[in-house]
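Q: Only the shape, not the letters, is given here:
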């Protein structure tokens, strides 16, 4: 099982980035997908989530109206389009996959990609 994030980097305030997370080793379309982030000295927080079929999106309050999550179940990829980036968006962004089973939860994490917003 692998979740591989890409697309992070250094961007100026007000700029945009699109993160991608490529999944392999499990049935991607059976899993809800989420993006989390962890900034310096902060706890990991939920950024956005999306249901198995692409509906049921939800966002953290700090990113509503600026970030958009989407997925492509053919390409086994989930995306996070980030617009109007702010310094406080600086963090390591992690991809998460989760599915409920009769015995509990299957949960997978990516290794993270760094996003730095700075002039």
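A: The structure has been received and is ready for your questions. As the structure is a computational prediction, the values presented were derived from the model and not from experiment.
Q: Would you tell me which strand is longest in the chain?
A: In the chain, taking DSSP state E as the definition, the longest strand is strand 91-101.
Q: Setting aside sequence neighbours, what's the nearest residue to residue 57?
A: Nearest residue to residue 57 in three dimensions, chain neighbours excluded: residue 50, at 5.0 Å (Cβ to Cβ, 6 or more residues apart in numbering). For the C-beta atoms, the positions are set from N, CA and C on the backbone; glycine is no exception.
Q: so how far is residue 100 from the one you found?
A: Separation of residue 50 from residue 100 (Cβ to Cβ, to the nearest Å): 16 Å.
Q: residues contacting the spatially most central residue of the chain?
A: By Cα atoms, centre = their mean, the chain has its centre lying nearest to residue 35, at 2.4 Å. Contact analysis of residue 35 by Cβ atoms under 8 Å, 6 or more residues apart in numbering lists 19, 21, 46-49, 69, 78, 80, 93-96.
Q: Recalculate using a threshold of 10 Å.
A: Residue 35 makes contacts with 5, 19, 21, 46-50, 59-60, 63, 67, 69, 78-80, 82, 93-96, 110, as judged by Cβ atoms under 10 Å, 6 or more residues apart in numbering.
Q: Just the buried ones out of those, please.
A: 5, 19, 21, 47-50, 59, 63, 67, 69, 78-80, 82, 93-96, 110 (16 or more other Cβ atoms under 10 Å).
Q: Among these, which ones are in strands?
A: Using DSSP E, the buried ones among the contacts of residue 35 in strands are 5, 19, 21, 47-50, 59, 67, 69, 78-80, 82, 93-96.
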